[in-house]
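Participant: take a look and give me a structure for this.
(chains A and B)
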There are 2 protein chains.
Amino acid sequence: MEAPKQIGILVFDGVEELDAVGPWEVLAFWTAMYPQDGYAVLMFSPQGGRVRCAKGMTLSVDHSYSTLPPLDVLVYPGGVGTLAHLEDPAQLEWVRRQSASGALMTSVCTGSLVFAAAGLLAGRPATTHWYSLEHLARLDPTIEVRRDQRYVDSGEVITAAGVSAGIDMALHLVARLASPERAREVAHGIEYEVRDPASLR
Amino acid sequence: MEAPKQIGILVFDGVEELDAVGPWEVLAFWTAMYPQDGYAVLMFSPQGGRVRCAKGMTLSVDHSYSTLPPLDVLVYPGGVGTLAHLEDPAQLEWVRRQSASGALMTSVCTGSLVFAAAGLLAGRPATTHWYSLEHLARLDPTIEVRRDQRYVDSGEVITAAGVSAGIDMALHLVARLASPERAREVAHGIEYEVRDPASLR
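Facilitator: Presented below is the predicted three-dimensional model:
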């Protein structure tokens, strides 16, 4: 059996808890229950170790930028911590390198602001938390800002709306990387009510 | 201003990630944004320190059974780790003491199996993850097992269905402890689509 393809969920100080753990639950449930689909998921942070989330929860992760295996898929959650990333050239450069290496780039909530600042969303449709839709448009006026979508799949980049919409985006990812049937099985396993079941067809 | 009433979310080795973090997001968002409602939320574990969740995520918590303040509300998530609790007399006694002290007892997923084993659900309507409905009935045949409800509020005890249903249960808790309007604000803040908006009226 080949080594599984790697999905990585980035966490950082100020990450919104459910932005990260919603997709984690979907993807970890999927990869644990269906290893035959050929994917694995891990959490990592810039320096590894302890991460204090936006609402005070503390995560502890084993992997950092320096120990991270090559990613096939990156999940970039949002949260108040993304505001510092927008002003951090090294962080934006790291994002561009992930994209250039061929990783499928996915975001939740204000994670898409960082993608916008890194130039990844130029000329693409994209979304973010409803509170930050104008901010997204200001960061890059070439973005076709979508309102009222749980997530927007533009091919190499997928952006989700706020917080809990990361669960819908992750289920879409399962549908895209495995099959719609698999995504429905995972949704049933975690008893998640998909807003638009047709999206998993 | 009075000291806030305390909500505690129990985490333990083998806790299902979203069972705990779904309610955490709802309750931490609520208590952070609306401190005037008079509630605070914390996570704790039996011994404090690091907790390895069911799918491999690691949480780090400051509080343990010995440092925990008196709770007004307990949230007991599910996950494979609850199976050991069912066989642990000290754990069941701890649960009974929390209930006897007057805490509103709430569970997510297989957390309700522990409540059943502790005798808290005798003669009450209750639910759990769909996979464990029969297990719940076997633990205490006097339970009126409810299928197809996201959560069941029986007064002193509230039980939720599987995994993501903890989010709905937590929003109901906000509606009950504060107001339906507040629960709608929190749901909007985390962009959660409530399955049955009438439940927040």
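Participant: anything in the longest helix anywhere in chain A near chain B?
Facilitator: Ranked by residue count under DSSP state H, the longest helix found in chain A is helix A:17-33. Yes: using Cβ under 8 Å from any Cβ of the partner chain, helix A:17-33 comes into contact with chain B via A:17-18, A:21-22, A:24-25, A:28-29, A:32. Any C-beta I mention is one placed from the backbone N, CA and C, and that applies to glycine too.
Participant: now, which of those sits nearest A:L74?
Facilitator: Using Cβ to Cβ, A:W24 comes nearest to A:L74 of the residues of helix A:17-33 next to chain B, at 13.4 Å.
Participant: burial of the residue lying closest to A:G14 once chain neighbours are set aside, as a residue count?
Facilitator: Spatial nearest neighbour of A:G14, excluding adjacent residues (Cβ to Cβ, 6 or more residues apart in numbering or on different chains): A:G81 at 2.3 Å. Other residues near A:G81 number 20, with proximity taken as other Cβ atoms under 10 Å in any protein chain shown.
Participant: get me the contact residues on chain A for chain B.
Facilitator: A:16-18, A:21-22, A:24-25, A:28-29, A:32, A:43, A:50, A:55-61, A:129-130, A:161-165, A:167, A:189-193, A:195.
Participant: narrow these to those that are buried.
Facilitator: Neighbour-count burial (16 or more other Cβ atoms under 10 Å in any protein chain shown) applied to these gives A:16-18, A:21-22, A:24-25, A:28-29, A:43, A:55, A:57, A:59-61, A:129-130, A:161-165, A:167, A:189-192.
Participant: gap between the most centrally placed residue in chain A and B:G102?
Facilitator: With distances taken as Cα atoms, centre = their mean, the residue of chain A nearest its centroid is A:V75 (2.7 Å). Using Cβ to Cβ, to the nearest Å, A:V75 is found at 41 Å from B:G102.
Participant: also A:D148?
Facilitator: A:D148 is 44 Å from B:G102, by Cβ to Cβ.
Participant: go on, A:L200?
Facilitator: Distance from A:L200 to B:G102, by Cβ to Cβ: 44 Å.
Participant: those two: which is more packed in?
Facilitator: A:L200 (19 against 11).
Participant: so what pLDDT did the more buried one get?
Facilitator: Here the pLDDT value assigned to A:L200 is 71.
Participant: which residues touch it?
Facilitator: By Cβ atoms under 8 Å, 6 or more residues apart in numbering or on different chains, the residues touching A:L200 are A:171-172, A:175, A:180, A:183-184, A:187, A:194.
Participant: got it, and A:P77?
Facilitator: A:9-11, A:15-16, A:19-20, A:23, A:107-109, A:111, A:166.
Participant: likewise for A:R182?
Facilitator: A:30, A:34, A:37, A:174-175.
Participant: recalculate using a threshold of 7 Å.
Facilitator: Contacts for A:R182 (Cβ atoms under 7 Å, 6 or more residues apart in numbering or on different chains) come out as A:30, A:34, A:37, A:174.
Participant: just the buried residues of the residues you listed.
Facilitator: A:30, A:37, A:174.
Participant: any idea how far A:M105 lies from A:L10?
Facilitator: In terms of Cβ to Cβ, A:M105 sits 11 Å off from A:L10.
Participant: mutual contacts of these two, please.
Facilitator: Counting by Cβ under 7 Å, 6+ apart, the residues touching both A:M105 and A:L10 are A:L74.
Participant: dump the C-alpha coordinates for stretch A:21-29 into PDB.
Facilitator: Provided in PDB are the C-alpha atoms of stretch A:21-29 (Å, rounded to 0.1, in the frame of the first residue of the first chain):
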ATOM      1  CA  VAL A  21     -11.700  21.200  15.100                       C
ATOM      2  CA  GLY A  22     -14.800  21.000  12.800                       C
ATOM      3  CA  PRO A  23     -12.700  20.100   9.800                       C
ATOM      4  CA  TRP A  24     -10.400  18.000  12.100                       C
ATOM      5  CA  GLU A  25     -13.400  15.900  13.200                       C
ATOM      6  CA  VAL A  26     -14.600  15.300   9.700                       C
ATOM      7  CA  LEU A  27     -11.200  14.500   8.200                       C
ATOM      8  CA  ALA A  28      -9.900  12.500  11.200                       C
ATOM      9  CA  PHE A  29     -13.100  10.500  11.300                       C
END
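Participant: in chain A, what residue spans correspond to strands?
Facilitator: A:5-10, A:39-44, A:49-52, A:58-61, A:73-76, A:104-107, A:125-126, A:144-145, A:151-153, A:157-160 (DSSP state E).
Participant: quick one: which of those is nearest B:E87?
Facilitator: It is, among the strands of chain A and with distance given as Cβ to Cβ, strand A:58-61, at 28.0 Å.
Participant: contacts for the closest one?
Facilitator: A:11, A:43-45, A:48-53, B:50, B:57-60.
Participant: please redo it, this time with the cut-off set to 8 Å
Facilitator: Residues outside strand A:58-61 that contact it (Cβ under 8 Å, 6+ apart): A:11, A:20, A:43-45, A:48-53, B:50, B:57-61.
Participant: which stretches of chain A aren't confidently modelled?
Facilitator: A:1, A:197, A:201 (pLDDT under 70).
Participant: for A:T67, the count of nearby residues, please.
Facilitator: For A:T67, using other Cβ under 10 Å, the count is 9.
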